[in-house]
Structures are given as C-alpha cells and as structure tokens.
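# Build the 3D model from these lines:
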Amino acid sequence: MCLFQHRSTNLARALFVLAPFTLMTSLWAADAESTLAPAVTVVKSKRSCFMDGLEATGVVVPAHEILVRPRREGLEIAQVLVQRGDPVIAGQVLARLKPPNGLGASADTAVKAPAAGIIFSTSASVGAVATATADPLFRIAQGGEMDLAVETPVNEMPRLAIDQRAKVQIIGIKDELTGKIRFISKTINQMTQLGEVRLILEADPRLRIGAFGRGKIEIGQRCGITIPLSAVLFALGSPVVQVVRDEKVETRKVTVGLTEGGDVEIRDGLGEGEAVVMRAGAFLRDGDRVRPAVAQGY
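Residues are numbered from 1 along each chain as shown. Purely as a prediction, here's the structure:
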C-alpha cells in the first residue's frame, strides 16, 4: 500500500508539473496555426435594390415620317434647294419643278415642306421627272424627333408598357441618353419570333438616322441580398461563394439574379450580413482556416 501510494503521489506531482506545459504547447500550436493561415479580404452581404431591365439593340429612325411627293405628274425637277440632314420649317420650298421641254405652263411649281423637321432622305435630282408613283422626293423626320427601333423576344413583350423609361447608348455618342416606350407592335415576325418596340429619344442634335444603339428598358425594381460579382465563382458547374465562419471557409451554392455596377443579386443561399471572400478563387478549399479582414467602403 505504501509503494502504491508513493507512485500515485509521484504521478500526481508529474501531472501537476506537466499541465502548464501542455496548455502552453496547445496555445502555441493554435497561435502558430492562426499565424500560418492565409489572410483574405471579406465583404459583408447587404440588402439593396436592382433595376430589373430588358436590353435590346436597334437603329435610330424618325419618330414620325413625312413623305413628300409632287402634286402633278410628269414635271421635271428644275432645282433642288435642300440636302439630306438639313432642318426645314413648314412651308419651306424644297424643290422647284417645270414642264418638260418648256411645254405647257411656264410657271415653276414649288414643292414645299408640309411641316417642320429634318430631311433624312431625298431622291430628287435636277433633270429627273417627278412622279408620285416613284420614291418620295423627300422624307422628313417631323419635328426632328427620333426613335430607337428595337426588336424584343415575344415572351418578353407582356412585360412592356407604353411610357416605360429606358437608358440608351448610341454609337458615336459618349453620353447616355434617356428615352421611353412610344410604340409596341401588335404583330410578331413569324421567322424570328421578335416584335418591334419604339423608344422615343430625348432631343439631341448628335442623333443620326441609321446609327446603331442599345437600350435598357426599365421594367421594375427588385430588392434583395447583394455582394460583389467578384465574390461569385462560376467555374464549378453552378455558382458558389466562399463564406467565412469562425475563421473557416465554407463553400456554398447560391442562386444569382440581376447584376448592376459590379454587384450581383443573390436570390438564394446567402443571408444578410454574412462574410464572403471578396475575390473567390480555387486556392481556397472548403474547411480551410483563414484570417479574414473586412473590406472597407462596401
């Protein structure tokens, strides 16, 4: 009994001496693991709103077109007074006609603009015979108003309505223009299954008929969870984000929605205020320990 008690006492003393050392070793190991863990920048998911829009491309056309033809048949064009691109006022003389070979009445016949606008096309040339059955002598964009004529898929057209606003970018014009839906076609192209939509544009002297443009029609607003687009990894078959919880990486599948200005809407898979790796990449794996640093200004 004495020998057993002696050994037990020695064991207890040894454990008492080793306990602080074991604790310190564990703390050193944990601290070393934390120090060796890579530092990553994270952002907190937040709630914000996106503009739900429909993008479409098209060309600039006159909003209202006036066709100018001669009132009398068989007259010869004696003088053309305007060119393509010229602004005109109502009643302005565009061309003068005369009987061919001096036959008949000697008085010239004037071709006048029915309304103010811009000449965007002309087929009139001196010496040619003017006839109402040929192409119009002049085409006028009434009031100088311009449309962006775009085509949209038939399944998107029920979402559109007159006066919906749009942001428009025209080739050759750096500034973004504003417009709104003026016309929605009631017919669909059977071959392409596209329907025509007209966006009337704000008045701008830089607009040129025939120029290509892109419009984003504002359908409505949707609010939800938002993170930077750089935080979403698309290389794994479905979108994922790398959430950081308790200094460990958790790879999580998400459903993405609208994008705007470098941000993306997360429709499912992420809650508000969760920390995600700002620049998702393959160098981090599920379960990796990291040292998160919250990005400023997001």
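
# Please work out which residues outside stretch 42-52 touch it.
Stretch 42-52 has contacts (C-beta atoms under 8 Å, 6 or more residues apart in numbering) with 218-228, 231, 244, 257-260, 263, 265-266, 270-278, 292-295, 298. Backbone N, C-alpha and C define where each C-beta goes, glycine included.

# Give me the secondary structure label for the residue nearest to the spatial centre of the chain.
Nearest to the mean C-alpha position of the chain, by C-alpha atoms, centre = their mean, lies Lys216 at 5.5 Å. Here Lys216 is recorded as strand under DSSP: H, G, I helix; E, B strand; the rest coil.

# Would you mind confirming that it is in contact with Gln164?
No - the pair Lys216 / Gln164 is not scored as a contact, 10.8 Å apart, by C-beta atoms under 8 Å.

# show me where this protein has helices.
2-36 (DSSP state H).

# low pLDDT regions in it?
1-35, 102-108, 236, 282 (pLDDT under 70).

# Show me how the record splits it into domains.
39-51+222-294, 54-61+144-221, 64-142 (automatic domain parsing).

# Leaving out sequence neighbours, find the closest residue to Arg71.
Thr109 (7.5 Å; C-beta to C-beta, 6 or more residues apart in numbering).

# Count the residues that sit near that neighbour.
Using other C-beta atoms under 10 Å, Thr109 has 16 neighbouring residues.

# which residues touch the closest residue in space to Ile209 that isn't next to it in sequence?
Using C-beta to C-beta, 6+ apart and skipping residues adjacent in sequence, the residue nearest Ile209 is Phe120, 4.6 Å away. Shown in contact with Phe120 (C-beta under 8 Å, 6+ apart): 62, 84-85, 139-141, 209.

# If we only consider those, which is nearest to Glu73?
Arg139 (19.9 Å; C-beta to C-beta).

# Can you name the residues bridging to that closest one?
Leu67, Ser121 (DSSP bridges).

# Kindly provide the distance from it to Ile118.
10 Å (C-beta to C-beta, to the nearest Å).

# Lys180 - how many residues pack around it?
Neighbour number of Lys180 under other C-beta under 10 Å is 17.

# Ignore what I typed, I meant Gly127.
8.

# need the strands for the stretch 1-150 of the chain, in chain order.
39-44, 46-62, 65-68, 75-80, 87-88, 93-98, 109-112, 117-122, 129-130, 138-142, 146-153 (DSSP state E, counting those that start in this stretch).

# Please compute how far stretch 45-60 lies from its chain's middle.
5 Å (C-alpha atoms, centre = their mean, to the nearest Å).

# Repeat that for stretch 125-132.
Taking mean C-alpha positions (C-alpha atoms, centre = their mean), stretch 125-132 and its chain are 46 Å apart.

# Residues contacting that stretch, please?
Residues from elsewhere that reach stretch 125-132, judged by C-beta under 8 Å, 6+ apart: 69-70, 73-80, 97, 100, 111, 124, 137.

# So among these, which ones count as buried?
Among these, the ones that count as buried by 16 or more other C-beta atoms under 10 Å are 70, 75-77, 80, 97, 111, 124, 137.
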